[in-house]
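In: Dropping a prediction and its sequence here:
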Amino acid sequence: MTSDVIPAPRRSPALSATPRVPLRLAVLSIAGFWILYFLLNSVRTSIEEGGWQWPAMGRRVFVTLAGMGLTFLLCLVLRRLEGRSMGVLVTTGFLAAIPVSIAYASVNYAAFYIIYPIAMAADEVDWHSKKELLPIAIICGLAFSWYFFIVAWSVLYIALSYATRVRHAERRAAEFRAAAQSAQLRALRYQINPHFLFNTLNSLSSLILSHRTDEAERMLMNLSTFFRTSLTSDPTEDVPLADEIRLQRLYLDIEKTRFRDRLKVQIDLPRALETVPVPALILQPLVENAIKHGVARSMRPVTIGIRAHEEGGRVRLTVEDDGEPAAAPAGGHGVGLRNVRERLDARFDGAAAFRSGQRPGGGFSVELTLPLAREAVPV
């Protein structure tokens, strides 16, 4: 039997790369931090010194823009380390804030104490001169106070980075869950009963040896069509219910060549349900089960029925046979039935129901209840 290689799921490039804070969000956080500083500092200075300080506004804008630029350099450093541990990121943020604070304090000192000192700054310079303190002392004092402001932004960025990692992990988990579900569906779908192929080939050989070539040719064509249809379609996609039942008719026609008058088929599919989407080959294990436990073990004619009807906004599918009670699998826990149950759980995440058991008059019945979707694929 030919084996199918299940391809590895493709991962999107966004999920394969190191998760990083979007650059646009980082820039907006920098701009928001410094604009807030600019407004608060302007309001505080105007209150302390009386009146709005329009002459100092240009220099304040300049140092604010310089602060944005220096913080952006810090941002670039942190972005290069976003693939590292949070401990490395936090340590880098606290250490890198030191030179950034010193650089900003130097720019601030040059703008307000040297190039065009305001009255308050001039008084402060005089005070430091009397104390014989060097300008470096002023810069260090400014840097110390600004260090905590810069660190506050670093903490914000690290928090954004952590949130980005969490979202990335959630997306990857969702992708892996989808990939696992897809792999599960494929694995379950490709569990084709080897006994069916073995018995069919034996029957085909018997037909040829008996010179019943027309029946052998028809059986061979049906077998070819059945395997081509069942193995080439995507096992993770749905098919119209009419197509699913058409494939089961094909399978039953193949088995009818083996069992002849011992196998009878009844199919009831309302026209309104023909386009309802169902998982591909979801009925196949149920029909195989009815053949194996109902028809093959009985010496009298056995009828296999496939029925569909709508009930309460859901579609109910039934596969049953009227074989001997002793021939049915006890408790309905065969491999084929377990296959169907697991596929329904994976496909509908608990929204579908599975019920199986002995029929009162003999035989076995399996009932599937699926969510009813009208936007079906075309027949």
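Out: In hand now; what should we look at? This one's a predicted model, so the numbers in the text were calculated from it and none came from an experiment.
In: now the helices for the stretch 251-379 of the chain?
Out: 284-290, 335-348 (DSSP state H, counting those that start in this stretch).
In: Lowest average pLDDT across those?
Out: For the helices of the stretch 251-379 of the chain, mean pLDDT drops lowest on helix 335-348, to a mean of 81.
In: just to revisit the earlier point, looking at the helices of the stretch 251-379 of the chain, which is nearest to Met221?
Out: Nearest to Met221 among the helices of the stretch 251-379 of the chain is helix 284-290; the distance by CB to CB comes to 18.9 Å. In short, each C-beta sits where N, CA and C put it, glycine included.
In: From the chain's centroid, how far away is the closest one?
Out: Taking CA atoms, centre = their mean, to the nearest Å, one finds helix 284-290 lying 32 Å from the centre of the chain it belongs to.
In: cool, stretch 214-231 as well?
Out: With CA atoms, centre = their mean, you get 38 Å for stretch 214-231.
In: Switch the helices of the stretch 251-379 of the chain over to JSON lines; also include mean neighbour count and distance to Phe94.
Out: Shown next, in JSON lines, are the helices of the stretch 251-379 of the chain (neighbours: other CB atoms under 10 Å; distance: least, CB to CB, whole Å):
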{"stretch": "helix 284-290", "mean neighbour count": "25", "distance to Phe94": "61"}
{"stretch": "helix 335-348", "mean neighbour count": "18", "distance to Phe94": "48"}
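In: and Ala179, which of those helices is closest to it?
Out: The nearest among the helices of the stretch 251-379 of the chain, by CB to CB, is helix 335-348 at 12.0 Å.
In: For that closest one, name the packing helices and strands.
Out: Where contact means 3 or more CB pairs under 8 Å, 6 or more residues apart in numbering; DSSP states H and E, helix 335-348 is packed against helix 135-189, strand 277-279, helix 284-290, strand 353-358, strand 364-371.
In: other SSEs contacting the third one?
Out: If I follow you right, that is helix 284-290. Where contact means 3+ CB pairs under 8 Å, 6+ apart, helix 284-290 is packed against helix 241-259, strand 302-311, strand 314-321, helix 335-348, strand 364-371.
In: ok, now with 7 Å
Out: Helix 284-290 sits against helix 241-259, strand 314-321, helix 335-348, with contacts defined as 3 or more CB pairs under 7 Å, 6 or more residues apart in numbering; DSSP states H and E.
In: got the buried residues for the longest one?
Out: By neighbour count, and taking 16 or more other CB atoms under 10 Å as the criterion, the buried residues in helix 241-259 are 241-248, 250-259.
In: picking that back up, please identify which of the helices and strands packed on helix 284-290 is closest to Ile98.
Out: Between these, helix 335-348 lies closest to Ile98; by CB to CB that is 54.2 Å.
In: just how off-centre is that closest one within its chain?
Out: 21 Å.
In: so it versus strand 353-358, what angle?
Out: 160 degrees (axes from the mean of the first three to the mean of the last three CA atoms, to 10 degrees).
In: Report the backbone C-alpha coordinates of helix 335-348 in PDB.
Out: Taking C-alpha atoms only, helix 335-348 is exported to PDB below (Å, rounded to 0.1, in the frame of the first residue of the first chain):
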ATOM      1  CA  VAL A 335     -10.600   1.300  15.500                       C
ATOM      2  CA  GLY A 336     -12.800   2.700  12.700                       C
ATOM      3  CA  LEU A 337     -15.300   4.100  15.100                       C
ATOM      4  CA  ARG A 338     -12.600   5.600  17.300                       C
ATOM      5  CA  ASN A 339     -11.100   7.100  14.200                       C
ATOM      6  CA  VAL A 340     -14.300   8.900  13.400                       C
ATOM      7  CA  ARG A 341     -14.800  10.000  17.000                       C
ATOM      8  CA  GLU A 342     -11.300  11.500  17.100                       C
ATOM      9  CA  ARG A 343     -11.700  13.200  13.700                       C
ATOM     10  CA  LEU A 344     -15.000  14.900  14.900                       C
ATOM     11  CA  ASP A 345     -13.300  16.100  18.100                       C
ATOM     12  CA  ALA A 346     -10.400  17.500  16.200                       C
ATOM     13  CA  ARG A 347     -12.500  19.100  13.400                       C
ATOM     14  CA  PHE A 348     -15.400  20.500  15.500                       C
END
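In: Tell me what angle it forms with strand 364-371.
Out: Calculated by the same axes, to 10 degrees, helix 335-348 forms an angle of 10 degrees with strand 364-371.
In: Alright, I will stop here.
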